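**Q** just need the structure, nothing else, for what follows:
(one chain, ligands or ions: 3)
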Amino acid sequence: MDAKANTEVVVLTEPALEAAVDLLGVVVLGDPTKDPVFKLADQALGGVLGEVARSEHFEGKAGQTISIHTHGRLPAKRVIVVGGGTRSEFSNPGIRDLAASVAQAANKAGAASVAFLLPNVGANREASLVQLAAEGVVLGTYKFSRYLTGEDHKRPTTLKKFGLVVEAKGKKLPIGRAKALASSITRGCTIALAVNHARDLINEPAAVVTPTALATDAQAIAKKHKGTLSVTILDGKKCADLGMGMFLAVGQGSDQEPRFIHMIYKPAKKAKKKICFIGKGITFDSGGYSLKPSQAMEDMKVDMSGAAAVIASMDAIATLGSEFEVHAVAACCENLVSGRAYKLGDVLKSMDGLTVEINNTDAEGRLTLGDAITYARDKIAPDELFDFATLTGACMVALGPYTAGVMSDHESLIKSWMSAAERTGEDMWRLPLNTRLREQLKSPIADMRNTGDRFGGAITAGLFLKSFAKDTPWVHVDIAGPASLGTARPSQPKGGTGFAVASIVEYATRS
Ligand code: BES
Ligand code: MN
Ligand code: ZN
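**A** Ligands and ions are numbered 1, 2, ... in the order given. Okay, the predicted model is just below:
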């Protein structure tokens with residue numbers, strides 16, 4: 001699974017209205033009659049654009065587009081105008097969808113070259129806008145089509161070159177500025193390729209993406225970055241030696257062997273701090289003996305989305321470089337039913353030493369994560385610890401499918417995490433780790449039990465994990481909703497989203 005971009009994203013130094021391309025894309029923020037770029041293009045086209053805008057009620061709203069042939073009035077063969085909403089509504093990450101929809105329109109029209117004029121949102125936002133537009137192109141041309149046999153799915157995309165332009169009219173872009181923008185593009189493409197890689201891992205069936213397959217994937221990424229990135233894979237025996245009683249219990253019902261993955265990025269210079277990202281890696285969650293109903297089980301190949309995110313992010317982090325020592329950890333196994341599976345009422349001994357009574361085998365993620373957190377504390381001793389997990393349906397009930405729930409007791413850490421997420425446009429919202437809910441986790445025969453009652457389910461899961469994170473600065477991100485979606489947007493087809501990759505890479509390389 002090697003996510004490759006077949007569309008090259010470049011900076012175009014000529015102004016947009018002079019670009020001899022198959023398709024010119026222009027963003028209009030709000031009322032087109034007040035938009036200077038729209039007016040310039042309309043002028044060049046003899047008023048046709050304005051006419052079409054009027055007749056098609058184009059008002060520059062997000063999601064609206066108009067498209068026309070230029071019939072030689074401009075060097076570009078076609079023009080597509082995409083609405084981005086009003087200037088005050090528009091935030092930089094919004095450009096991802098706009099760039100993605102232009103890339104998709106280009107492929108639909110059989111265009112090979114595109115010039116995409118970015119809206120003028122001020123010089124200080126330009127680098128980030130260019131990066132996010134490049135991400136949009138790579139994300140928007142992602143398809144998971146390897147199991148589709150129809151001819152139209154095999155046809156290669158027509159779009160070869162997607163050029164980003166920052167000036168509508170006037171002089172060529174100076175070389176210095178073009179170079180700076182090119183590096184933003186490289187950054188954007190690197191991040192989006194990692195997101196697409198995570199998507200592939202999530203979208204592949206559980207029969208393909210097994211714990212061993214995830215380990216092989218992590219090894220391939222480490223090999224690509226020999227010298228800066230290394231990986232250690234622990235098999236079941238080694239995990240048993242370390243006392244990972246919770247992790248091993250979850251996987252013991254499956255014929256697929258568990259794998260504990262630990263990747264390490266080391267910067268050339270002395271690291272400023274040590275960060276560890278843990279991802280939940282349940283390659284299939286049947287629920288175990290607390291069996292899920294068929295409908296709820298249908299999509300449970302996605303239960304390794306946290307692992308996919310942290311593994312794929314390491315590729316981008318190693319490519320872009322970080323001043324930090326960065327670790328990715330994923331305890332990977334399958335939660336199945338068999339004669340060997342763990343049962344309700346079992347008492348497990350965690351790597352930490354704490355004992356846990358199982359009152360629901362479907363609350364397996366927190367068990368695997370608990371041991372992964374203890375491993376991180378014992379073997380890595382990070383300054384900052386994060387975990388990403390498709391952990392609870394309750395989190396989706398609280399926040400809906402698009403927003404991740406973020407929990408932490410460390411004010412400054414959660415603040416800097418939320419600010420990284422804000423910059424990438426990934427929707428995250430804090431939930432309180434209300435300690436009063438800990439009562440729900442009391443067990444009469446063990447130190448705690450693994451589930452509470454229905455109310456506050458996302459938070460009791462967070463509190464369970466906190467018993468293992470203890471005083472380590474730690475942030476828990478429940479991605480059960482946004483990891484995989486049944487609804488699409490231009491930069492994100494249905495299915496695995498690669499959620500959290502952008503924020504992880506942003507945090508590790510930019511904070
Ligand atoms: N993997 C699920 C959570 C999940 C649900 C992820 C839907 C993505 C979409 C998790 O292991 C689980 O089963 N959680 C239980 C916890 C409960 C038993 C306390 C849940 O949410 O029902
Ligand atoms: Mn479960
Ligand atoms: Zn699960």
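
**Q** for ligand 2, what is the nearest residue in this protein?
**A** In the chain, the residue that lies nearest ligand 2 is Asp362 (3.8 Å; Cβ to the ion). The C-beta positions use only the backbone N, C-alpha and C, and glycine is treated the same way.

**Q** for that residue, helix, strand, or coil?
**A** coil (DSSP: H, G, I helix; E, B strand; the rest coil).

**Q** right, and it touches Lys292 too?
**A** Yes: taking Cβ atoms under 8 Å as the definition, Asp362 is a contact partner of Lys292 at 6.4 Å.

**Q** who has more neighbours, the two?
**A** Neighbours were counted for Asp362 and for Lys292 using other Cβ atoms under 10 Å; Asp362 has more, 19 against 16.

**Q** show me the contacts for that one.
**A** 285, 287-288, 290-292, 335 (Cβ atoms under 8 Å, 6 or more residues apart in numbering).

**Q** now do it, the pLDDT please.
**A** You'll see Asp362 listed with a pLDDT of 99.

**Q** repeat that for Pro156.
**A** In this model, Pro156 carries a pLDDT of 78.

**Q** distance of it from Asn107?
**A** 10 Å (Cβ to Cβ, to the nearest Å).

**Q** if we can go back for a sec, overlap in contacts, Asp362 and Lys292.
**A** Asp285.

**Q** so Ala44 sits against Leu17, correct?
**A** Yes: taking contacts as Cβ under 8 Å, Ala44 lies within contact range of Leu17: 5.9 Å.

**Q** now do the shared contacts for the two.
**A** Leu74.

**Q** these two - which one has more neighbours?
**A** Leu17 (24 against 18).

**Q** residues contacting the more buried one?
**A** Counting by Cβ under 8 Å, 6+ apart, Leu17 has contacts 24, 40-41, 44, 74-75, 168-169.

**Q** pLDDT at it, what is it?
**A** At Leu17, pLDDT is 96.

**Q** shouldn't it be within a strand?
**A** No: assignment of Leu17 by three-state DSSP gives helix, placing it outside any strand.

**Q** quickly note the distance from the closest residue to Tyr265 other than its chain neighbours to Ala502.
**A** What sits nearest to Tyr265 in space, not counting adjacent residues and going by Cβ to Cβ, 6 or more residues apart in numbering, is Val326, at 4.2 Å. Note on Val326: its distance to Ala502, by Cβ to Cβ, is 15 Å.

**Q** out of the contacts of Asp362, name the ones that lie in helices.
**A** Using DSSP state H, no member of these falls in helices.

**Q** now which of those would you call buried?
**A** 285, 287-288, 290, 292, 335 (16 or more other Cβ atoms under 10 Å).

**Q** and the furthest pair within these?
**A** Asp285 and Ser290 (10.7 Å; Cβ to Cβ).

**Q** check contacts around the single nearest residue of the chain relative to ligand 1.
**A** Per Cβ to the nearest ligand atom, Gly393 is where the chain lies closest to ligand 1, at 3.3 Å. For Gly393, the contact set (Cβ under 8 Å, 6+ apart) comprises 296, 457, 480.

**Q** hmm, the last one is touching Leu391, no?
**A** Right, Ala480. Yes: counting by Cβ under 8 Å, Ala480 touches Leu391, with 5.8 Å between them.

**Q** surely Thr33 and Gly50 touch.
**A** Yes: using Cβ under 8 Å, Thr33 makes contact with Gly50 at a distance of 7.4 Å.

**Q** which one's more surrounded, those two?
**A** The neighbour count for Thr33 versus Gly50, taken as other Cβ under 10 Å, is higher for Gly50 (18 against 14).

**Q** quick check: nearest residue in space to that one, chain neighbours excluded?
**A** Nearest-residue entry for Gly50: Asp42, 4.6 Å, with adjacent residues in sequence omitted and distances by Cβ to Cβ, 6+ apart.

**Q** which SSE is that neighbour in?
**A** Element membership of Asp42 [criterion: DSSP states H and E] is helix 36-44.

**Q** other SSEs contacting the helix or strand harbouring Val52?
**A** Per DSSP H and E: Val52 is located in helix 48-55. Judged by 3 or more Cβ pairs under 8 Å, 6 or more residues apart in numbering; DSSP states H and E, helix 48-55 is in contact with helix 36-44, strand 65-69, strand 78-83.
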